[in-house]
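J.: One predicted model, sequence on top.
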Amino acid sequence: MSNTALPREAELRTWASRGIEVEGDVLLTRMPRLQAVVAGGEQPAFATLRCWKDEQHRCIVDVKVQMTLALECQRCLSHCELELVTQSSLCVVWNEDSTKQLPSGYDPLVAGDVSDLHALVEEELLLALPAVPMHDVGECEDVSRAFGDLAIEVDEEKESPFAALGALLTMPEAGDDKG
Ligand SMILES: [Zn+2]
């Protein structure tokens with residue numbers, strides 16, 4: 001976490017020429033697509049961007065993002081906290097056609113003159129989200145609750161015949177007392 005907000009906009013090609021590095025926070029409320037699919041996130045995302053040019057004069061942005069999010073566990077439907085940590089090397093390209101010539105290790109970032117860094121961070125986090133978020137087995141509420149319900153049902157079945165018998169035995173005595 002830092003106390004600095006990540007800049008919203010960047011001219012990444014210029015930044016790459018100058019070797020600019022930035023880091024800062026992005027609030028969940030600045031990432032509406034992410035906010036729509038998670039249960040919450042108390043702390044903002046923390047992102048580090050390092051812009052540079054490789055030997056082929058390509059503009060590269062190394063992005064690291066870290067964020068702890070609350071997701072809905074798909075087993076017990078309560079919230080589970082998950083720390084996402086992402087790391088990518090993005091190559092800034094003008095259009096989809098240019099993405100075919102990229103060497104492996106680079107992911108394409110199709111961008112005009114100005115890029116929205118908050119959207120970039122959001123995209124990184126969306127890609128890192130698990131398809132089926134779940135607690136670890138030991139921490140999942142549903143597992144313990146299922147066993148708990150089972151135990152209660154067994155106890156009730158055992159107790160009920162005795163309770164009925166007890167009621168039958170006490171009834172004549174109650175009658176004798178009155179008579
Ligand atoms: Zn769970």
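T.: Now that the structure is in, tell me what you want to look at.

J.: Could you tell me how far T68 is located from A131?
T.: For T68, the distance to A131 (Cβ to Cβ, to the nearest Å) stands at 19 Å. The C-beta positions use only the backbone N, C-alpha and C, and glycine is treated the same way.

J.: ok, the two, which is more surrounded?
T.: For T68 versus A131, neighbours defined as other Cβ atoms under 10 Å are more numerous around T68 (17 against 5).

J.: Could you list everything that one pairs with in the sheet?
T.: Beta bridges link T68 to E83 when assigned by DSSP bridges.

J.: Using the three-state scheme, assign E124.
T.: Secondary structure, DSSP: H, G, I helix; E, B strand; the rest coil: E124 is helix.

J.: Number of residues surrounding it?
T.: E124 has 22 nearby residues by other Cβ under 10 Å.

J.: just the one 3 residues further on next, same as before
T.: Applying the criterion other Cβ under 10 Å, we find 12 residues in the vicinity of L127.

J.: Excluding covalently adjacent residues, which one is nearest to it?
T.: T86 (7.2 Å; Cβ to Cβ, 6 or more residues apart in numbering).

J.: So the one you found belongs to a strand, correct?
T.: Yes - counting by three-state DSSP, T86 is part of a strand.
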